[in-house]
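K.L.:
Based on what follows, work out the 3D shape:
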Amino acid sequence: MRWVKRPCPKRSSPDAEKGRRRGKGNGDMRTSFPPRISRLLLLLLVAVSPPIGARAPLAGDAEAGAKIYTRCEACHAFAYDRTGPRHCGLFGRKAGSVPGFDYSDAMKRSGLTWNAATLDRFLADPMRTVPGTTMGYAGVTDARERADLIAYLREQSRGPMCGK
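P.N.:
Sure thing, here's the model as predicted:
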């Protein structure tokens, strides 16, 4: 790598006005990367940066999520299957894999593994995330409610209801 010395703009400071020099060196040269390396570093920085407008996942409130989960209880329970599969062991489980539960072919082939991100996407719009799913729920459109529900699901998965 070749370092390039470039003139540094003169800075006005009280020390410079008094004729004193601060620091080491002659104060009028700055070491920098060659232009090609600078462009490469900039490109790398842009490539690993999150997209503009991308948000970090919301931190959920499990207590608020318990209230939202009442909507799910028409079809789901934690410890046993109902119309929908049980929620114990949900995190880290491959979608469509609870033994003995009759899943749609779409859910079995979805390739999803349940985590906060996949749950967020699925709960926002189940029919769009897994076209052909038999889950006949329109979804939870509010991002805060989804985050709260996911926090509740995670908390309960670790609780006594799930034998942990």
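
K.L.:
burial of L58, as a residue count?
P.N.:
16 (other C-beta atoms under 10 Å). C-betas here are computed from N, CA, C, even on glycine.

K.L.:
Ignore what I typed, I meant A117.
P.N.:
12.

K.L.:
what's near enough to touch G132?
P.N.:
S104, D105, A106 (C-beta atoms under 8 Å, 6 or more residues apart in numbering).

K.L.:
Out of the helices and strands in this structure, which is least certain?
P.N.:
Scoring the helices and strands of the chain by mean pLDDT, DSSP states H and E places helix 14-17 at the bottom, with a mean of 54.

K.L.:
Please name the nearest non-neighbouring residue to M161.
P.N.:
Spatial nearest neighbour of M161, chain neighbours left out: F78 (4.7 Å); criterion: C-beta to C-beta, 6 or more residues apart in numbering.

K.L.:
what's the answer for V98, then?
P.N.:
In space, V98 is closest to P85, 4.4 Å off (C-beta to C-beta, 6+ apart).

K.L.:
give me the number of residues near D125?
P.N.:
Count around D125 with other C-beta under 10 Å applied: 13.

K.L.:
Distance-wise, check it relative to A79.
P.N.:
Using C-beta to C-beta, to the nearest Å, D125 is found at 28 Å from A79.

K.L.:
hmm, who's touching stretch 105-119?
P.N.:
Contact with stretch 105-119 is made by 57, 90-97, 122, 129-135, 146, 150, 153-154, as judged by C-beta under 8 Å, 6+ apart.
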